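Colleague: mind folding the following:
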Amino acid sequence: MNKRMHGADHLSVSKDLNVLGVLLIKQNQLETALPILKRSLAIREKFFGDGHPNVATALNNLATLLEKQNKLEEAEVLFARALKIRETTLGHEHKHTRHSQNNLTDLVEHKEIEDSLKLSVGKQKGLGKKKKSTERL
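Modeller: Below is the predicted model of the structure:
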């Protein structure tokens, strides 16, 4: 509706896309949500510039999707951008800034767990190979 009334690049279209993207994330339709959230972000960046809290919201939602897709490096960059915007515009104590801090912290912990699991699996594979060699002797 807003797209027909205002055009494809209007801020109200971005809001609608953002709501739809978040709904799709909740329904685990991540591939469908990705281009929708990217479009919402692009409209907001065009309308507000790079440093507006509404851009931070779009960055946060896109980063959440990327984290769910296990694209942790990409998600970290977007969470960090959202945090920086919110710290600059809203201050360190604002609830949205704290939300961004929590998201980034949770992602870093997620990455550490992933790295530990990869290291553990690598060690187990290495141990398994050595064990097979030893058993053959």
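Colleague: when you work out contacts or count neighbours from here on, use the C-alpha atoms and nothing else.
Modeller: Will do.
Colleague: count the neighbours of K95 for me.
Modeller: Residues lying near K95 (other CA atoms under 10 Å) number 12.
Colleague: ditto for S120
Modeller: Neighbours of S120 using other CA under 10 Å come to 12.
Colleague: any weak-confidence spans in the chain?
Modeller: Filtered on pLDDT under 70, the chain yields the residue ranges 1-10, 122, 124-137.
Colleague: could you pull out the helices for this protein?
Modeller: 2-6, 11-26, 30-48, 53-68, 72-90, 95-136 (DSSP state H).
Colleague: report all helices and strands that the third one contacts.
Modeller: In terms of contact count using 3 or more CA pairs under 8 Å, 6 or more residues apart in numbering; DSSP states H and E, helix 30-48 is assigned the packing partners helix 11-26, helix 53-68.
Colleague: okay, the ones you listed in CSV with distance to P35 and mean neighbour count next?
Modeller: Formatted as CSV, these follow (distance: least, CA to CA, whole Å; neighbours: other CA atoms under 10 Å):
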stretch, distance to P35, mean neighbour count
helix 11-26, 9, 20
helix 53-68, 10, 24
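Colleague: so which of those helices is nearest E112?
Modeller: In terms of CA to CA, the element of the helices and strands packed on helix 30-48 nearest to E112 is helix 53-68, at 13.3 Å.
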